[in-house]
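Asker: kindly return the folded structure for what I paste below:
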Amino acid sequence: MVRHIVMWKLRNKADAGQIKARLEALNGAIPGLISLDVGIDFLASEQSADLVLVADLESRAALDHYQTHPEHQAVVPLIREAALSRSVVDYEL
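Answerer: Next comes the predicted model:
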């Protein structure tokens, strides 16, 4: 099993709710995606990211499939437009 974590700093924090909803809609839509959770930061410190995604996938191959899946790719332009920065970590459980 693989855990995929992505954190974004957004240009406008008001976009976080829409992005969260679009990402959470991927639950159940992509084979190999076990679970996906999105959180919006409430602390708003200088070090904080504004939005985090934590996804568990069946395997590295499932992660590759998730990243190229049309449902995921449909959300990518929205996030790219909204994000100032992005950090990612992927690891095996």
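Asker: and residue 18, what element?
Answerer: helix 16-24 (DSSP states H and E).
Asker: what's the per-residue pLDDT of the residue nearest in space to the middle of the chain here?
Answerer: Nearest to the geometric centre of the chain sits residue 53, at 3.7 Å (CA atoms, centre = their mean). Note on residue 53: pLDDT of 98.
Asker: so it, which of the three states?
Answerer: What DSSP: H, G, I helix; E, B strand; the rest coil gives for residue 53 is strand.
Asker: spatially, what comes nearest to it if we skip its sequence neighbours?
Answerer: residue 6 (4.6 Å; CB to CB, 6 or more residues apart in numbering). C-beta: built from backbone N, CA, C; applies to glycine.
Asker: then residue 49?
Answerer: residue 7 is the one closest to residue 49 (CB to CB, 6+ apart), at 3.6 Å.
Asker: can you list phi and psi of that neighbour for me?
Answerer: Note on residue 7: backbone dihedrals following degrees, to the nearest 10 are phi -120, psi 140.
Asker: go through stretch 30-41 and flag the buried ones.
Answerer: Within stretch 30-41, the residues that count as buried by 16 or more other CB atoms under 10 Å are 30, 32, 33, 36, 38, 41.
Asker: can you pull the contacts of the residue nearest to residue 40 when sequence neighbours are not counted?
Answerer: Of all residues not flanking residue 40 in the chain, residue 16 sits nearest, at 4.6 Å (CB to CB, 6+ apart). Residues near residue 16 by CB atoms under 8 Å, 6 or more residues apart in numbering: 10, 40, 50, 51.
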